[in-house]
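Asker: for reference, the sequence and a predicted model appear below.
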Amino acid sequence: MFSKKSNKVSEYSMRILESKHIRDVLKHCTYNSMVIFDLDNTIVESAQELGGDQWFVNFIEYAAGIIVDRAEAISVVLGVYHAVQYHVDLRAVQSEAMRIIQILQDVGIPVLALTARSTNISEPTLRQLDKLGIQFSKQWDDEVFVVLRESQHVSIFEQGVVFCDGLDKGRCLDAFLKYKQLSPQHVVMMDDKEKYLWSVDSIMRTFDAQFIGLRYGYLDEKVKAFNLEKSMQELTEIAHELPKEIQSHLNRLNISMFSTKRVQEPIIHLSPTSIDIGHPGMG
């Protein structure tokens, strides 16, 4: 499991492999492993086109075509993204995920979730995980604490989940482990974003820990086939339930043009290629 922080030097090795199955984690675990899972597009995904990583990325590109200041466009989209999380459902990417997590926990292997998600949506995220029967809290106490604070970003730990709030995942994990005075000897991490695996890999080097990163590609084809128009239609259907400030953002972005109730004019189709996708998702 874990050893308290010590000066003992262990042999270091690192690999990053491709994987399309959650159960592949089990192949790489040993008695002293720690397992880290990303959430979005790894353990869970949005049950709709709306609300997921790929929607967030594409929505930024759409908004940037209307709002000249890209930083402002991102800020507006983040506000909408956070509000939407209270109105969309999550589902397991692979149904066996819950069982895999439970197996690891039952044999005493620590399991942690490390997500780029904001602390602003920790409540709906944890509620949805609980609804799906996904429990990361089993091996951790009830303490909720700030993991890392930087500028306007605050990473927190709650119920076995580190919410990185957009901060670097490696640095957040480093801060978490040091707060807990833990020194993992062997870490297996699964994430659909390779950049996060490299980030954690660099931190594991400082712990002199063995590291295996699994770049999870189960949803790769689905992400490529993302339908922006459908996601915007879903957004118009719940717009009236969102806070007034968010509704004003949607009006500014002319989201009503995507409504299926508008029959006077044809809906403009925005394909992923037409908005020049090339930015990382939330993760």
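Answerer: Perfect, I can see it now. Keep in mind that this is a model prediction, so the values were computed, not measured.
Asker: with only the CA atoms kept, save stretch 69-80 in CSV.
Answerer: In CSV, the C-alpha atoms belonging to stretch 69-80 read as follows (Å, rounded to 0.1, in the frame of the first residue of the first chain):
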residue,chain,number,x,y,z
ASP,A,69,-11.5,38.3,-26.3
ARG,A,70,-10.7,34.5,-26.1
ALA,A,71,-10.1,34.7,-22.3
GLU,A,72,-13.6,36.2,-21.9
ALA,A,73,-15.0,33.5,-24.1
ILE,A,74,-13.5,30.8,-22.0
SER,A,75,-14.7,32.5,-18.8
VAL,A,76,-18.3,32.6,-20.2
VAL,A,77,-18.2,29.0,-21.3
LEU,A,78,-16.8,27.9,-17.9
GLY,A,79,-19.8,29.6,-16.2
VAL,A,80,-22.2,27.8,-18.5
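Asker: which residues sit against it?
Answerer: Identification of contacts with stretch 69-80 by C-beta atoms under 8 Å, 6 or more residues apart in numbering yields 56, 59-60, 63-64, 66-67, 118, 235, 242, 245-246, 249-250, 252-253. Where C-beta positions appear, they are placed from N, C-alpha and C, glycine not excepted.
Asker: got the buried residues for it?
Answerer: Applying a neighbour-count criterion of 16 or more other C-beta atoms under 10 Å, one finds 73-74, 76-80 buried in stretch 69-80.
Asker: which of the residues you listed sits closest to residue 155?
Answerer: The shortest approach to residue 155 among those belongs to residue 78, at 15.8 Å (C-beta to C-beta).
Asker: which elements pack onto the helix or strand residue 57 falls within?
Answerer: Here residue 57 sits within helix 53-64, counting by DSSP states H and E. Packing partners of helix 53-64 (3 or more C-beta pairs under 8 Å, 6 or more residues apart in numbering; DSSP states H and E): helix 70-84, helix 228-238.
Asker: and the angle for that helix with helix 70-84?
Answerer: The directions of helix 53-64 and helix 70-84 differ by 140 degrees, with axes from the mean of the first three to the mean of the last three C-alpha atoms, to 10 degrees as the criterion.
Asker: any stretches of the stretch 1-150 of the chain with poor pLDDT?
Answerer: 1-14 (pLDDT under 70).
Asker: ok, 90 please
Answerer: Scanning the stretch 1-150 of the chain for pLDDT under 90 picks out the ranges 1-15.
Asker: tell me where it has helices.
Answerer: 24-27, 53-64, 70-84, 97-106, 122-131 (DSSP state H, counting those that start in this stretch).
Asker: not counting its neighbours along the chain, what's nearest residue 26?
Answerer: In this structure, residue 26 finds its nearest non-sequential neighbour in residue 100, 6.8 Å apart by C-beta to C-beta, 6 or more residues apart in numbering.
Asker: scratch that, residue 232 is what I was asking about
Answerer: Closest residue to residue 232 in three dimensions, ignoring its sequence neighbours and counting by C-beta to C-beta, 6+ apart: residue 258, at 3.7 Å.
Asker: now for the helices and strands packed on helix 53-64, which one comes closest to residue 136?
Answerer: Nearest to residue 136, of all the helices and strands packed on helix 53-64, is helix 70-84, at 21.1 Å by C-beta to C-beta.
Asker: quote the end-to-end distance of stretch 26-46.
Answerer: End-to-end span of stretch 26-46 (C-alpha to C-alpha, to the nearest Å): 25 Å.
Asker: nearest to residue 183, out of the helices of the stretch 1-150 of the chain?
Answerer: That would be helix 97-106 among these, by C-beta to C-beta, at 19.2 Å.
Asker: and the closest one, how far from the chain's centre?
Answerer: Distance of helix 97-106 from its chain centroid, counting by C-alpha atoms, centre = their mean, to the nearest Å, is 19 Å.
Asker: can you check stretch 78-87 too?
Answerer: Mean-position distance between stretch 78-87 and its chain equals 14 Å (C-alpha atoms, centre = their mean).
Asker: next, the buried residues of that stretch.
Answerer: Of the residues in stretch 78-87, 78-81, 83-87 count as buried by neighbour count, 16+ other C-beta under 10 Å.
Asker: just to check, residue 120 is in contact with residue 82?
Answerer: Yes. Counting by C-beta atoms under 8 Å, residue 82 is a contact partner of residue 120 at 5.0 Å.
Asker: neighbours of residue 246, just the number please.
Answerer: 18 (other C-beta atoms under 10 Å).
Asker: for residue 137, give its distance to residue 257.
Answerer: Residue 137 is 43 Å from residue 257, where distance means C-beta to C-beta, to the nearest Å.
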